[in-house]
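Colleague: what follows is a predicted structure for the sequence shown.
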Amino acid sequence: MEVYGLLGNPVGHSLSPPMHEAAYDHLGLDARYVTFEPPAEAGARAVESAGTLGVAGLNVTIPFKQDVLGAVDPDDLAARIGAVNTVDFGTDPPTGHNTDATGLVRAFEHHDVTLAGRAVVVGAGGAGRAAAFALADRGMTVDIANRTVASAEALAEDVTGAGGTATAHPLDTLGERLADADILVDATSVGMEEDRSAVPRDGLHADLAVLDAVYTPIETRLLRDAADAGARTVDGAWMLLYQGVEAFERWTGHQAPVAAMNDALRSSLEA
């Protein structure tokens, strides 16, 4: 039996186990997906221990995505983003990947959104970094808006230094940033606990495709506002799904049963 899992603290709320277990059941794979919750300072040691125990692959979530960089050999994208969310123990040393970035791209592609032109990314944390690099790698010009402008500036500098095109902006300029934008990604947690949006409603328009990384609730205030403006909307569960799909395919070598994984994920969200 192959064992895969999720490393984080906390992990009790995670929707990854049912999503991956559904994939194993659908393909008849002898595999299980478990969770590991080490102390906050023990992320790198936990990765090393998992490899010793024969774990085949790990997803990594808060607060360990940066901590585990030193315990793996990060691929180019993960190194540029500065965070790992997927570890493959099939190599020596184990390889670190960032499937948040590829998950975001595949979520847009699933909705037939062309990634070209200008993108606005709200937030400069882990999800914001993944989004900014993913979109810049597709040739998009990326405007990064963040409450702390210095963080947006640091991210824009990193993206530009890696060959992309990105600039930093304060949140109160979002309206003008969105005027000629093609893509909007809200990579903040605004909308998770309260029915509000970090994005001004009057900045949204019908030529936008909008992804909100928040997936609980599945329909955030931003997505409702965007739909009212005629924009194409992509809920955060699609990004969660496709980062898991990417990890599954890397680990197993099998084409992921996307529909089965999506059904399990949506059922868990409804529950």
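Modeller: Arrived safely.
Colleague: show me where this structure has strands.
Modeller: For the chain, applying DSSP state E gives strands covering 2-7, 31-36, 57-60, 73-74, 86-88, 95-97, 118-122, 141-146, 165-170, 183-186, 209-212, 232-234.
Colleague: Serialize those to CSV and add fields for mean neighbour count and mean pLDDT.
Modeller: C-beta: built from backbone N, CA, C; applies to glycine. Supplementary listing: the strands of the chain in CSV, determined by neighbours: other CB atoms under 10 Å; pLDDT from 0 to 100:
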stretch, mean neighbour count, mean pLDDT
strand 2-7, 21, 97
strand 31-36, 18, 97
strand 57-60, 28, 97
strand 73-74, 18, 97
strand 86-88, 26, 98
strand 95-97, 23, 97
strand 118-122, 27, 98
strand 141-146, 25, 98
strand 165-170, 18, 98
strand 183-186, 27, 98
strand 209-212, 26, 98
strand 232-234, 20, 98
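Colleague: give the contact list for the nearest residue to Gly8 once chain neighbours are set aside.
Modeller: What sits nearest to Gly8 in space, not counting adjacent residues and going by CB to CB, 6 or more residues apart in numbering, is Thr61, at 3.7 Å. Thr61 makes contacts with Leu6, Leu7, Gly8, Val11, Ser14, Asn85, as judged by CB atoms under 8 Å, 6 or more residues apart in numbering.
Colleague: would you turn those into a markdown table with distance to Asp25?
Modeller: What follows is the contacts of Thr61, written out as a markdown table (distance: CB to CB, whole Å):
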| residue | distance to Asp25 |
| --- | --- |
| Leu6 | 18 |
| Leu7 | 23 |
| Gly8 | 23 |
| Val11 | 21 |
| Ser14 | 18 |
| Asn85 | 24 |
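Colleague: gap between the residue nearest to Gly8 and Ala247?
Modeller: Distance check for Thr61 against Ala247: by CB to CB, to the nearest Å, it reads 12 Å.
Colleague: which residues do those two both contact?
Modeller: Shared contacts of Thr61 and Ala247, defined by CB under 8 Å, 6+ apart, are found at Asn85.
Colleague: roughly how far apart are Asp30 and Met261?
Modeller: To Met261, Asp30 is 18 Å away according to CB to CB.
Colleague: the two: who's more crowded?
Modeller: Set side by side, Asp30 and Met261 show more neighbours around Met261, with 23 against 7, by other CB atoms under 10 Å.
Colleague: related to what we said a few turns ago, what's the separation between the residue nearest to Gly8 and Arg224?
Modeller: Going from Thr61 to Arg224 by CB to CB gives 27 Å.
Colleague: distance from the chain centre to the longest helix seen in the chain, please.
Modeller: Secondary structure of the chain per DSSP state H: the longest helix is helix 236-252. Distance, stretch centre to chain centre, for helix 236-252: 9 Å (CA atoms, centre = their mean, to the nearest Å).
Colleague: please export the C-alpha coordinates of it as PDB.
Modeller: C-alpha atoms of helix 236-252 as PDB (Å, rounded to 0.1, in the frame of the first residue of the first chain):
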ATOM      1  CA  GLY A 236     -11.900  28.700  -5.000                       C
ATOM      2  CA  ALA A 237     -12.800  25.000  -4.900                       C
ATOM      3  CA  TRP A 238     -11.600  24.700  -8.500                       C
ATOM      4  CA  MET A 239      -8.100  25.900  -7.600                       C
ATOM      5  CA  LEU A 240      -8.100  23.500  -4.600                       C
ATOM      6  CA  LEU A 241      -9.300  20.700  -6.900                       C
ATOM      7  CA  TYR A 242      -6.600  21.200  -9.500                       C
ATOM      8  CA  GLN A 243      -3.700  21.600  -7.100                       C
ATOM      9  CA  GLY A 244      -4.800  18.200  -5.800                       C
ATOM     10  CA  VAL A 245      -5.100  16.800  -9.300                       C
ATOM     11  CA  GLU A 246      -1.600  18.000 -10.100                       C
ATOM     12  CA  ALA A 247      -0.100  16.400  -6.900                       C
ATOM     13  CA  PHE A 248      -2.000  13.100  -7.600                       C
ATOM     14  CA  GLU A 249      -0.600  12.900 -11.100                       C
ATOM     15  CA  ARG A 250       2.900  13.600 -10.000                       C
ATOM     16  CA  TRP A 251       2.800  11.000  -7.200                       C
ATOM     17  CA  THR A 252       1.000   8.200  -9.000                       C
END
